[in-house]
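# Generate a structure from the sequence data that follows.
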Amino acid sequence: MHNVNANGAAIPALGLGTWTLKGDHCAEMVSHALSVGYRHVDTAAAYDNETAVGSGLRASGLARSDIFVTTKVWWTDLAPADLMRSAESSLKRLGLDQVDLLLIHWPNPKIPLEGSIKALNAAKSTGLARHIGVSNFPTALLSQAIALSDAPLVANQVEYHPYLDQTKVRRACRDAGMAMVSYCPLSRGGLLFAERAVTEAAARHSKTPGQIVLRWHVQQDGVVAIPRTNRLERLAENFAIFDFALSDAEMAAISALSKANIRICDYDFSPQWDAA
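Below is the predicted model of the structure:
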């Protein structure tokens, strides 16, 4: 398994996103993903599935030290006491002593960032989390967070796929030694999987369009992808991306699709995004 090294964290380059997965189905997806080779599972307090994720981790039979587990603190819980309480509750639900990575899920302009970052550092220093980071932080906010943090931030998890240019965020992450973790890495499939840049590469490498797009992610320096799927049979397919490489021309053709500038996850509480 290929790891991305980020400020002392070794983050497996492909992880299982669990947003919308619930109950026994979620637990089964987690344990099956681990059986086909995944070593990285991503959840969040807001997903309301941490108990199921924990069941899946235990059902896998793998040693705890073999799995990289990420969870997140929701944007309404970023006051210092709330953040610590959220982290402790997440661990209880997951059935873990600590997570490998604890993220601020979304920034909150109404709660001073300094206090949130201090609390995030406290979660690390008290052992609730091995590493800390942020999610959905545009570059200006990211540089503030980095400046406020005593411990190095290891990741910024953002929406990223070929239809969305994240060059600025990716560069900022690399300059800071951080990983950029792509959520919605397949842009919900559909249109993207029919793009010539994708279908032609798929034909050339005898791979599926989804495998081509995931390969495009992990082939970029410092990028980790966490695709979500509802289907057990898709897990092995998504994981089978480490036995081939895209050419520079194929990478460039897929990257050129970013001119579409499609953002899927944009809410009334979203920050001011970087201009493309």
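# N5 should be in a strand, yeah?
Yes: membership of N5 in a strand is supported by DSSP: H, G, I helix; E, B strand; the rest coil.
# ok, how many other residues are close to it?
Using other C-beta atoms under 10 Å, N5 has 12 other residues around it. Every C-beta, even on glycine, is put in place using the N, C-alpha and C of the backbone.
# give me the beta-bridge partners of it?
Beta-bridge pairing for N5 (DSSP bridges): A10.
# Please tell me how far it sits from S86.
Per C-beta to C-beta, to the nearest Å, N5 is found 28 Å from S86.
# And L164, by the same measure?
Separation of L164 from S86 (C-beta to C-beta) stands at 28 Å.
# Please apply the same query to A256.
For A256, the distance to S86 - C-beta to C-beta - is 40 Å.
# out of those two, which sits in the busier spot?
Neighbours per residue, other C-beta under 10 Å: of A256 and S86, the larger number sits with S86, 24 against 12.
# got a list of what that one touches?
A45, V73, W74, D77 (C-beta atoms under 8 Å, 6 or more residues apart in numbering).
# pLDDT wise, what is A276 at?
Predicted confidence (pLDDT) for A276: 72.
# Hmm, A260 and it touching each other?
No: the pair A276 / A260 is not scored as a contact, 10.1 Å apart, by C-beta atoms under 8 Å.
# quick one, which of these two is more surrounded?
Using other C-beta under 10 Å, the more surrounded residue of A276 and A260 is A260, with 15 against 12.
# and the more buried one, what does it touch?
Y163, L164.
# so how far is D165 from it?
Distance, A260 to D165, by C-beta to C-beta: 9 Å.
# ditto for L57
L57 is 35 Å from D165, where distance means C-beta to C-beta.
# ditto for W106
Taking C-beta to C-beta, one finds W106 at 20 Å from D165.
# ok, the two, which is more surrounded?
Neighbours per residue, other C-beta under 10 Å: of W106 and D165, the larger number sits with W106, 21 against 18.
# Switch the contacts of S86 over to JSON lines; also include pLDDT and neighbour count.
Shown next, in JSON lines, are the contacts of S86 (pLDDT from 0 to 100; neighbours: other C-beta atoms under 10 Å):
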{"residue": "A45", "pLDDT": "98", "neighbour count": "18"}
{"residue": "V73", "pLDDT": "98", "neighbour count": "28"}
{"residue": "W74", "pLDDT": "97", "neighbour count": "17"}
{"residue": "D77", "pLDDT": "97", "neighbour count": "23"}
